[in-house]
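J.: what follows is a predicted structure for the sequence shown.
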Amino acid sequence: MTRRPSARRRSRRPRRPRRRGDERLIGLLVVAAAAVGLAVAVVNWLLAHWWVLVLIGALAALVGGVRFHRQQRRARWEAVRARGLRYGLSQLDALHHSRFEDAVRDLMHRDGCRDAVRVGGSGDLGADVKATDPFGRRWVIQCKHRSKGLAGSAVGTPDLQVLNGTARQVHGADVAVIVTNGRVTAPAVAFAEQQRLHVVDRHTLGTWASGSHPLWELLRAVPPPRRPTALS
């Protein structure tokens, strides 16, 4: 017959994990005590060398002041740049199509549309820039950039059909506009007139981008203001 292990032997086996747990706990306590001791030592050293704290505070204040001054200067420059924003057609031709959308947004902001935003991208549903003018009218703009300018492909009726299908129904536009630095076909212009869309061709874009007149002063048959303002 085989002998069963005694109760004493069976009770000795689980002691090893307890020892390991105790060792870990002791290690954590040692690390915590060392961290507290180090923190106390640092605090005592700083109290004995208080001028270090003064120096750190002065440096922090200096860095913060320089950064604040730069931010203010940048804000003032952006305000001046926005009020006097100008683009030449050659500048617009050289832009990437996304930067062209940014330029149109900035021009709308220059004209007083404080909420002008670029929304172009995949799934934009025909809207690259949205803005509300000072008269309360909602503008939805589709941008068609041509790197070759007039030599590039012309904007055709299908482009206007996309804008016509989404500008008012989806985006709630009062004024639906297509802007290009290139050409627009005659059928597209006729379609735009029939559907009360607005076309900003290369000539109109050049006048708008290089001058101080807002876009609504350069377009015909723009809807009347939604609300009376100081400008109306």
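T.: Sure, I can see it.
J.: and the helices in the chain?
T.: For the chain, helices defined by DSSP state H occupy the ranges 7-12, 15-48, 50-83, 89-93, 97-110, 157-166, 186-194, 202-210.
J.: can you check which of those helices gets nearest to residue 136?
T.: helix 97-110 (14.4 Å; C-beta to C-beta). Placement of C-beta: from N, CA and C, glycine included.
J.: buried deepest among the helices of the chain, which one?
T.: helix 97-110 (a mean of 20; mean count of other C-beta atoms under 10 Å).
J.: any idea of the mean pLDDT for it?
T.: Averaging pLDDT along helix 97-110 yields 96.
J.: may I see the helices of the chain organised as JSON lines, with distance to residue 225 added?
T.: Below are the helices of the chain laid out as JSON lines (distance: least, C-beta to C-beta, whole Å):
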{"stretch": "helix 7-12", "distance to residue 225": "92"}
{"stretch": "helix 15-48", "distance to residue 225": "64"}
{"stretch": "helix 50-83", "distance to residue 225": "22"}
{"stretch": "helix 89-93", "distance to residue 225": "29"}
{"stretch": "helix 97-110", "distance to residue 225": "16"}
{"stretch": "helix 157-166", "distance to residue 225": "22"}
{"stretch": "helix 186-194", "distance to residue 225": "22"}
{"stretch": "helix 202-210", "distance to residue 225": "20"}
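J.: hey, least reliable of these by pLDDT?
T.: Of all the helices of the chain, helix 7-12 carries the lowest average pLDDT, namely a mean of 52.
J.: how many residues are close by residue 214?
T.: For residue 214, the count of nearby residues is 18 (other C-beta atoms under 10 Å).
J.: what's stretch 104-118 in contact with?
T.: 82-83, 85, 87, 101-102, 128-134, 139, 141, 143, 179, 208-209, 214-216, 231 (C-beta atoms under 8 Å, 6 or more residues apart in numbering).
J.: please compute how far it lies from its chain's middle.
T.: In terms of C-alpha atoms, centre = their mean, to the nearest Å, the centre of stretch 104-118 is found 14 Å from the chain centre.
J.: do stretch 157-164 as well
T.: 27 Å.
J.: show me this structure divided up by domain.
T.: 11-81, 89-217 (automatic domain parsing).
J.: in JSON lines: these, plus distance to residue 226.
T.: Putting the domains of the chain into JSON lines (distance: least, C-beta to C-beta, whole Å) gives the following:
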{"stretch": "domain 11-81", "distance to residue 226": "27"}
{"stretch": "domain 89-217", "distance to residue 226": "3"}
